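1. Below are the sequence and a predicted model; questions follow.
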Amino acid sequence: MRRSCLAGAWVAIWVGGVGVSACGAGQPAANQPANPQVQRAQELLQLLVDGKFDEFVGAGTETMRAAFSADQARQAWLTQLVQLGTFQSIESSDVTPGDKFASVRLVCRFSKGRLTMRIVLDGQNRLSGLWFDAVEPDWEPPTYVDARSFREEEVTVSAGQFPLPGTLTLPNQPGRHPAVVLVHGSGPNDRDETVGANKPFRDLAWGLASRGVAVLRYEKRTRAHPHACKVEDWTIENETIEDARAALALLRQRSDVDAKRVFMLGHSLGGWAAPLIAQREEQLAGVMMLAASARSILDLLEEQTDYTVSLAGAALTEEQRQQVGALKEAVAAIRAGKTDTVKEPIMGVPAVYWERLHRIDPLPVAAELQLPMLIAQGGRDYQVTGADYKLWKDRLRDHKHVTLKWYTSLNHLFVNGFGKSTPGEYLNPGHVAEEVVNDLAEWISKH
């Protein structure tokens, strides 16, 4: 899956970025389902399992065939196999009927995890949409976690009419604990901020709770309520800030949390937005910003595009080159104040969304804050780079309440690795480095 560090909220997962040489075998269902739409969806799934991608796309509507090629179907499916292993079975299926379309949800078991997918059919049972809603690789806790030292409680974070399911991880020791709210990066993230085979927010929650810190994580609004507003009306306010503040308020109300020691940790987009949130939170004890951009989102869009193109090299197709050219033209138009001329979405998101982010500069906001701040950066991060870290360092160098941490071998998810970081790296299971968890826990204890 291609992922931009500050990308917008509702990108459907249609294509993947990694291919492998063979696909998994297996039978989608032991028995023929009674519902003809479920049966048709299972037949289409079998085409993917059998590697018959031309037939899969050929089963689509004219609109679907024009937007989705056999090669894209192959890459989308093989990306799931890289993460989840070989296909084994369908665990459950159901259908949501509609006036013109029916959506069939299939929960599929693979050798290394589970995939929830939706196949959308028109009135003639033709393929009209493919969504991978949840990719859940089997997850093993990192070695630095002591599962006996904490417990978890389901909670609801609510900023009004959009309640968000959340998990509060609490140390087992009695008393009032310091606590942290985790604020997501880009995209419709789940509470674990699952990226490929990695769950960095679960790593942080379990790792910090093992060290005496309560942690609250929750489903992002763009995941739990993707149709909360029109796509062009999403902003950093309703995508991130409102719910982060509601989560902070929830922690302060609990008898097992020390209201004077409530912190916020933002990653990627969440780190970029952290100063904007902290500016409105007088009671905040401190802010941790992991992989936080200090530049315009448009700079990052172009830089990430150039980087991934350089990785592809001669393998870049003519169609992909045209897509890159269109993206750069759109970015130039936004910079020139001509956003209304950009008609096509950028990476699945309306141009006005990028324009709004482009106008916001978190650096001067952070410089005005008088609370403890920790800014951490991975040296192998190609999405938010050392250029951003240097900007934070230079702007805040005279602020004695600011701590900066540089981790040479860590990528955007703060997972260890070697050599150039690539999008495919996120498909490999890993954990937030123990050094990072220890540094965060120590910093929290000092403040």
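-> Everything's here; your move. As the structure is a prediction and not an experimental result, all values here were calculated from the model. Numbering: from 1, shown residues only.
2. name the helices or strands packed onto the helix or strand of the chain with the lowest mean pLDDT?
-> Least confident element among the helices and strands of the chain, by mean pLDDT, DSSP states H and E: strand 127-137 (a mean of 87). In terms of contacts (3 or more C-beta pairs under 8 Å, 6 or more residues apart in numbering; DSSP states H and E), strand 127-137 is packed against helix 62-67, helix 70-84, strand 101-110, strand 113-122. No exception for glycine: its C-beta is placed from N, CA and C like everyone else's.
3. these two touch, right, residue 182 and residue 219?
-> No. Residue 182 is beyond contact range of residue 219, at 11.6 Å (criterion: C-beta atoms under 8 Å).
4. okay, these two: which has more neighbours?
-> In this view residue 182 and residue 219 are compared by other C-beta atoms under 10 Å, and residue 182 has more residues nearby, 28 against 21.
5. wait, what's in contact with the more buried one?
-> Under the criterion of C-beta atoms under 8 Å, 6 or more residues apart in numbering, the contact list for residue 182 reads 193, 201, 204, 205, 215, 216, 217, 265, 266, 267, 270.
6. Give me the contacts around the host helix or strand of the fourth one.
-> Element membership for residue 205 (DSSP states H and E) is helix 200-209. Counting by C-beta under 8 Å, 6+ apart, helix 200-209 makes contact with 139, 141-142, 144-145, 147, 149-150, 167, 169-171, 180, 182, 184, 191-193, 215, 217, 265, 267, 413-415, 431-432, 434, 437, 440-441, 444, all of which sit outside it.
7. so how far is the least confident helix or strand of the chain from its chain's centroid?
-> Relative to the centre of its chain, strand 127-137 is centred 15 Å away, using C-alpha atoms, centre = their mean, to the nearest Å.
8. measure residue 100 to residue 124 for me?
-> Distance of residue 100 to residue 124, computed by C-beta to C-beta, to the nearest Å: 11 Å.
9. Over to residue 260?
-> According to C-beta to C-beta, residue 260 and residue 124 sit 62 Å apart.
10. So the residue lying closest to residue 431 once chain neighbours are set aside, which state does it fall into?
-> What sits nearest to residue 431 in space, not counting adjacent residues and going by C-beta to C-beta, 6 or more residues apart in numbering, is residue 142, at 3.9 Å. Of the three states, residue 142 takes coil according to DSSP: H, G, I helix; E, B strand; the rest coil.
11. My read is that residue 142 contacts residue 433, right?
-> No. Applying C-beta under 8 Å, one finds residue 142 not in contact with residue 433, separated by 9.1 Å.
12. Neighbour count for these two, which is higher?
-> Set side by side, residue 142 and residue 433 show more neighbours around residue 433, with 22 against 17, by other C-beta under 10 Å.
13. which residues does the more buried one contact?
-> Listed by C-beta under 8 Å, 6+ apart, the contact set of residue 433 reads 407, 410, 414, 415, 416.
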